[in-house]
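>>> Sequence plus predicted model, see below.
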Amino acid sequence: GENVEQHPSTLSVQEGDSAVIKCTYSDSASNYFPWYKQELGKRPQLIIDIRSNVGEKKDQRIAVTLNKTAKHFSLHITETQPEDSAVYFCAANDPDSNYQLIWGAGTKLIIKP
Amino acid sequence: SQTIHQWPATLVQPVGSPLSLECTVEGTSNPNLYWYRQAAGRGLQLLFYSVGIGQISSEVPQNLSASRPQDRQFILSSKKLLLSDSGFYLCACQTGGRTEAFFGQGTRLTVV
């Protein structure tokens, strides 16, 4: 079955700098890759997703890139702000069941003032 | 888009007591429904999912159970809570495996 690994587990960056979080997946048949942001004590919420027919997608300061050959995808946040501090989860669809998302372990992003 | 109603927001229960958490969905029909648990500072652990009324798949063997009595209602239960059942429980909804997952507000359960 699908397996998703996420790195780093914690990332600390200076406000205004960029942050990059990387995930790898194991099943080349996966074709949907979302990213969720979870603020402390709150529910996870989708911030951006990408499907396997595109290599990059951008939404203002957030972008996701997908490398199908290497089976990895990354979240890029530019011009980081204090409100970007949160835990970020990547996921990939499970092509075997088509019912599940397989989640990464999460990255705690800390924005230093 | 879908709206997930989940309650209560917080719950403190003694060891050995029963549990019932309810989740209802608005804005869609025949959704896939999920129960996740999240330990403090940890990731999302899938407990159960359901693709239709009465259809429950369990991912982790434990003393919890789930039921789906109606299309847009998903219930998480336990007959006797353990200390290890403490955590943040999240109900989620998707219309398919390759679509956005919408989460309820979560229930923070503390077993004492």
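Looks like it came in fine.
>>> Which strand or helix spans residue 110?
Here I'm looking at chain A. strand A:107-112 (DSSP states H and E).
>>> wait, I meant chain B there
strand B:107-111.
>>> What residues of that strand count as buried?
The neighbour-count check on strand B:107-111 (16 or more other Cβ atoms under 10 Å in any protein chain shown) flags B:Thr107, B:Arg108, B:Leu109, B:Val111 as buried. Backbone N, C-alpha and C define where each C-beta goes, glycine included.
>>> Quick check: pLDDT value at A:Gln100.
In this model, A:Gln100 is scored at 87, pLDDT.
>>> Could you list the paired strands of the strand holding B:Thr110 along with their orientation?
strand B:10-13 (parallel), strand B:87-94 (antiparallel) (DSSP bridges).
>>> after the last one, next one along is what?
To tie it back to what came earlier, the one meant is strand B:87-94. Criterion used, DSSP H and E; the element after strand B:87-94 is strand B:102-103.
>>> The residue sitting nearest the centre point of chain B bridge partners, please.
Nearest to the mean C-alpha position of chain B, counting by Cα atoms, centre = their mean, stands B:Trp35 at 3.0 Å. Per DSSP bridges, the residues bridged to B:Trp35 are B:Phe48, B:Cys91.
>>> Same check on A:Thr10?
Under the criterion used (DSSP bridges), A:Thr10 bridges to A:Lys108.
>>> correct me, but it touches A:Tyr88?
No: counting by Cβ atoms under 8 Å, A:Thr10 stays clear of A:Tyr88, with 11.0 Å between them.
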